[in-house]
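J.: pasted the sequence and its predicted model underneath.
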Amino acid sequence: MGMQVGDDEWVDKIIIDVCARKFILRSSKGTSRKVDCETSEQFMDVLEVVTNQADPDLIEYTDLAIYENRQN
């Protein structure tokens, strides 16, 4: 079971997008909330809270976007 956020709603998944500096919280009722961080420091502060407080089984990281710099 996830983290309780209301009387009958739970956070089932926390998706962390490091490149975009955002967090997506998905609930047991199918709703999503997005937390956008404006700075790297803000992102790191939120990441610390999430990793210290949430069950590790709830946390998922998105794939990193890797682009090659090609010159023709």
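T.: Nice, I can see it.

J.: pull the longest strand from this protein.
T.: The residue-count maximum for a strand in the chain (DSSP state E) belongs to strand 10-17.

J.: what's the weakest-modelled helix or strand in the protein?
T.: strand 3-4 (a mean of 58; mean pLDDT, DSSP states H and E).

J.: about what we covered before: tell me the first helix or strand C-terminal of the longest strand of the chain.
T.: Per DSSP states H and E, the first helix or strand lying C-terminal to strand 10-17 is strand 22-27.

J.: which elements pack onto that following strand?
T.: When contacts are defined as 3 or more CB pairs under 8 Å, 6 or more residues apart in numbering; DSSP states H and E, strand 22-27 sits against strand 10-17, strand 32-36. All C-beta atoms are positioned from the backbone trio N, CA, C, and that covers glycine.

J.: could you check the angle strand 32-36 makes with it?
T.: Interaxial angle, strand 22-27 versus strand 32-36 (axes from the mean of the first three to the mean of the last three CA atoms, to 10 degrees): 160 degrees.

J.: can you list phi and psi of Val50 for me?
T.: Main-chain dihedrals, Val50, degrees, to the nearest 10: phi -60, psi -50.

J.: in this structure it contacts Leu25, no?
T.: No - judged on CB atoms under 8 Å, Val50 makes no contact with Leu25 at a distance of 9.3 Å.

J.: thank you kindly, that will do.
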